[in-house]
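Asks: kindly return the folded structure for what I paste below:
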Amino acid sequence: MYDQIKLNNGLTLIGERLPHFRSVSVGVWIAAGSQYETREENGLSHFLEHMLFKGTEKRSARDIAEVMDAVGGQLNAFTAKECTCFYAKVIDEHLELAMDVLSDMVLHSAFDEAELEKEKGVVLEEIAMAEDEPEDVCGELIMSAQYGDQPLAWPILGPADNVRAFTRERLLAYRSRMYRPECSVLAVAGNYDWDALVALANRCFGEWQLGEGACPAYAVQPAQPQRLERLKDIEQVHLSVGFPACAIGAPEVYPVSIFNSILGGAMSSRLFQRIREESGMAYSVYSYPSYYTATGMLVIYAGTSRRNAPVVLDMIDREIDRLVKEGVTRDEFEKTRMQIRGGYVLGLESASSRMNTLGRRMLLLGDTQSEDEMLDKLNAVQYDEVNRVMREVLTSERSYATVAPKGK
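Replies: Numbering: from 1, shown residues only. So this is what the prediction gives:
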């Protein structure tokens with residue numbers, strides 16, 4: 001069971017009380033991510049996330065770090081395509097401190113000009129670091145191959161030239177437009193008293209003012225899948241194959257999760273066993289689904305030598321063709337459903353993971369789903385349904401992305 005209330009300013013407070021825990025995790029989930037950005041703004045959501053750690057009206061950047069370190073707490077944030085989350089984990093007696101620090105950062109950041117210029121250097125280094133990871137570059141490239149030139153395909157970090165051009169005025173304008181209580185969720189999981197938590201939330205976040213008009217929205221347009229390639233000074237070939245899949249919250253999420261695990265989502269999967277274990281053609285080979293509120297995709301990735309790349313791609317095609325022709329076996333279906341069930345339950349064995357699951361779903365879908373409800377939906381998936389959805393996905397038009405070594 002979840003506790004839930006909407007504060008007077010529109011902020012949704014939702015909590016899962018875990019009285020046997022001594023910890024509590026708090027997350028401020030905001031509907032601000034690269035999906036909502038214009039081309040000129042690309043990277044602004046992520047840069048804004050960084051700046052909220054650089055000092056407030058009453059705390060310096062060092063103060064923010066030291067006050068959480070002093071109680072053994074954890075404080076961090078991340079930016080995704082559809083959201084930004086600032087979160088803290090502390091022992092239950094320091095919940096008030098965690099809420100105070102988070103609200104101070106979200107509502108009272110100073111945006112000091114000198115700190116802004118320094119942080120540009122930090123983010124530019126982060127962009128350069130991502131460029132040095134060809135697997136990550138391939139992941140960005142397959143998004144462009146699948147969705148074309150629209151925000152969903154743009155990098156969360158943004159291009160370096162955008163970061164260099166960001167100004168304090170632009171940051172403040174973007175925060176005013178996107179950081180709105182009625183478009184945000186305050187999620188809590190762990191040991192707390194609900195009445196005290198509601199009072200604390202009102203005290204810390206009650207001054208957060210409503211925005212004007214409807215919450216920001218976005219759309220994903222259909223795009224023709226492409227074949228894209230980038231050349232870099234690297235040793236291996238990194239390749240990805242993409243297929244359109246379902247959106248987050250769709251009933252097909254469960255069949256997709258099952259056949260993805262069979263195809264390449266686990267060490268016992270067909271691709272891992274065939275390409276790595278039996279053939280020794282690659283160290284890393286896997287598949288994964290990405291779910292968004294408006295769309296989704298399934299991606300197969302492999303990293304291999306230039307000599308082996310054509311053979312590995314042929315192996316991937318053959319495994320897909322065999323799976324489509326013969327279908328998932330009943331044994332694979334039953335074992336994989338049990339595997340996903342176990343992985344899901346084990347993944348919720350912490351206050352942090354429960355807070356993340358709760359906050360993200362409430363922000364993106366506007367509802368909750370208990371552990372039992374999820375397991376009931378997984379158990380209700382039928383064998384024939386998995387094969388039907390699998391064939392719909394894997395027979396659709398594919399996109400391809402390759403990051404390859406320069407030269408011959």
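
Asks: report the separation between the residue nearest to Tyr383 when sequence neighbours are not counted and Gln150.
Replies: Counting by Cβ to Cβ, 6 or more residues apart in numbering, Tyr383 lies nearest to Phe333, which is 5.0 Å off, once chain neighbours are set aside. From N, CA and C alone the C-beta is placed, and that goes for glycine too. The gap separating Phe333 from Gln150 is 36 Å, by Cβ to Cβ, to the nearest Å.

Asks: now swap in Leu394 and tell me
Replies: Leu394 is 24 Å from Gln150, by Cβ to Cβ.

Asks: among the two, which residue is more densely surrounded?
Replies: For Leu394 versus Gln150, neighbours defined as other Cβ atoms under 10 Å are more numerous around Leu394 (20 against 16).

Asks: hang on, isn't that one packed against Val324?
Replies: Yes. The pair Leu394 / Val324 is scored as a contact, 5.3 Å apart, by Cβ atoms under 8 Å.

Asks: contacts only, for the nearest residue to Ser284 once chain neighbours are set aside.
Replies: Distances taken as Cβ to Cβ, 6+ apart place Gly303 nearest to Ser284, at 4.7 Å, with adjacent residues excluded. With contacts defined as Cβ atoms under 8 Å, 6 or more residues apart in numbering, Gly303 is in contact with 134-135, 236-239, 282-285.

Asks: cool, Ala250 as well?
Replies: Ala250 touches Gly296, counting by Cβ under 8 Å, 6+ apart.

Asks: and for the one 4 residues further on?
Replies: Taking Cβ under 8 Å, 6+ apart as the criterion, Tyr254 is in contact with 377-378, 381.

Asks: so how far is Ile258 from the nearest residue to it once chain neighbours are set aside?
Replies: Among residues not flanking Tyr254 along the chain, Val381 sits closest, at 4.8 Å (Cβ to Cβ, 6+ apart). According to Cβ to Cβ, Val381 stands 6 Å off from Ile258.

Asks: just checking, Val90 touches Met99?
Replies: No. In this structure Val90 lies outside contact range of Met99 using Cβ under 8 Å: 9.6 Å.

Asks: would you map the strands across the chain?
Replies: For the chain, strands defined by DSSP state E occupy the ranges 3-6, 12-17, 23-30, 74-79, 84-91, 184-190, 227-232, 237-245, 284-291, 296-304, 399-405.

Asks: flag every buried residue along the fourth one.
Replies: Going back to what we said before, that points to strand 74-79. By neighbour count on 16 or more other Cβ atoms under 10 Å, the buried set for strand 74-79 is 75, 77, 79.

Asks: which strand residues bridge the first one?
Replies: Note on Leu75: beta-bridge partners by DSSP bridges are Ala88.
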